[in-house]
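Participant: Fold the following.
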Amino acid sequence: MKLKKIAAGMCAAMAVCALSACGSSATETTAASGTVAAETTKAETTAGETTAAESTEAEAEMGETMKKIKESGKIVMGVNATYAPFEFHYTDANGQDQLAGFDIELGKYIAEQLGVELEISDMDFNGLLPALTTGKVDFLPGLAATDERKENAGFTEPYHKSMHFLVVRKDEADQYPEGADLAGKTVGVLKGSVQSQTFPNYYPDAEMKELGKISDMIMSVKTKKVDAILLDQVPAKLTVDANEDLSLCGVQYSLPTEEDPGSSILVRKGNDDLIEELNQILSKVMEDGTLQKWEDDAIALMDKDSLND
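Facilitator: Reported below is the predicted structural model:
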């Protein structure tokens, strides 16, 4: 009987111990889970704080121009869409008027890289610089950094360089051999263009006539209001391809770097933070061949009659 009681007591004690052990294990598991959850929450909080801190730091480092662009959610590009293949109008498959050109594609890419929307303002060539200086647009692609423009604008590094070609009436092309001084000739140039600022230095004996757009230039040489017109290489060749009665001639030149370093992007004077961003973007698309592809695509898209619209 005594043995039975001892055995019964031992069993009860073992049961109590077992229950105590289970209770301890459950408590430890719950505590461990709580610790993991707390550590996870802490880690997530830390990561969130780090991201927020990095974002705040990036914003702090951002210049005033970039802050304004980011806050507005858009960047405005000014163009004169009569200068193929840089920028021009074309009719798509649905009969809708569209803007195209490798400067248009560049503008889209710039907006994408900056994380904002692109707004394009198409205007007369003479209105571009005033629109920039008065804040109506944020940047102008495809313009040379002339001394006159440097007084009112900042510039990126050049991203496009081309020769300047003289376009004449085909039946008179032999009158313009290589090296001709153009004495007594009237040459049409685009008003406000780099050609209008540099041509007189190269051909002081020629008369220069400034015209508002390329279509006006083409009509002027066709109707003999001018003897010739001066254009960049690609627009000149496209003009000749589209007009059988016009021709290139022996007169062509590329200005020294200090006078015509090539096409850059203009921004308002003092917007150095934007220039820095744009230079990084230009460097990338020039190095990886994207810029050249945009130019090739623009030329392929052009209809021969588009220059005469």
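
Participant: and stretch 289-299, C-alpha only, in CSV?
Facilitator: C-alpha atoms of stretch 289-299 as CSV (Å, rounded to 0.1, in the frame of the first residue of the first chain):
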residue,chain,number,x,y,z
GLY,A,289,24.8,55.1,-79.8
THR,A,290,21.2,56.1,-78.9
LEU,A,291,21.6,59.6,-80.2
GLN,A,292,22.8,58.4,-83.6
LYS,A,293,19.9,56.0,-83.8
TRP,A,294,17.4,58.8,-83.1
GLU,A,295,18.9,60.8,-86.0
ASP,A,296,18.8,57.8,-88.4
ASP,A,297,15.2,57.1,-87.4
ALA,A,298,14.2,60.7,-88.0
ILE,A,299,15.7,60.8,-91.4
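
Participant: Give me the mean pLDDT for that stretch.
Facilitator: Average pLDDT, stretch 289-299: 91.

Participant: helix, strand or coil for residue 204?
Facilitator: What DSSP: H, G, I helix; E, B strand; the rest coil gives for residue 204 is coil.

Participant: Run a quick neighbour tally on it.
Facilitator: When neighbours are defined as other Cβ atoms under 10 Å, residue 204 has 11 of them. To be clear about C-beta, it is placed using only N, CA and C from the backbone, and glycine gets the same treatment.

Participant: Please spell out which residues along stretch 105-121 are buried.
Facilitator: 105, 106, 107, 109, 110, 111, 114, 116, 118, 120 (16 or more other Cβ atoms under 10 Å).

Participant: Of these, which pair is most distant in space?
Facilitator: For these, the maximum inter-member distance is 16.4 Å, found between 105 and 116 (Cβ to Cβ).

Participant: Sort out which of the buried residues of stretch 105-121 are in helices and list them.
Facilitator: Of these, the ones assigned to helices by DSSP state H are 105, 106, 107, 109, 110, 111, 114.

Participant: isn't residue 72 right up against residue 116?
Facilitator: Yes: using Cβ atoms under 8 Å, residue 72 is in contact with residue 116, at 7.4 Å.
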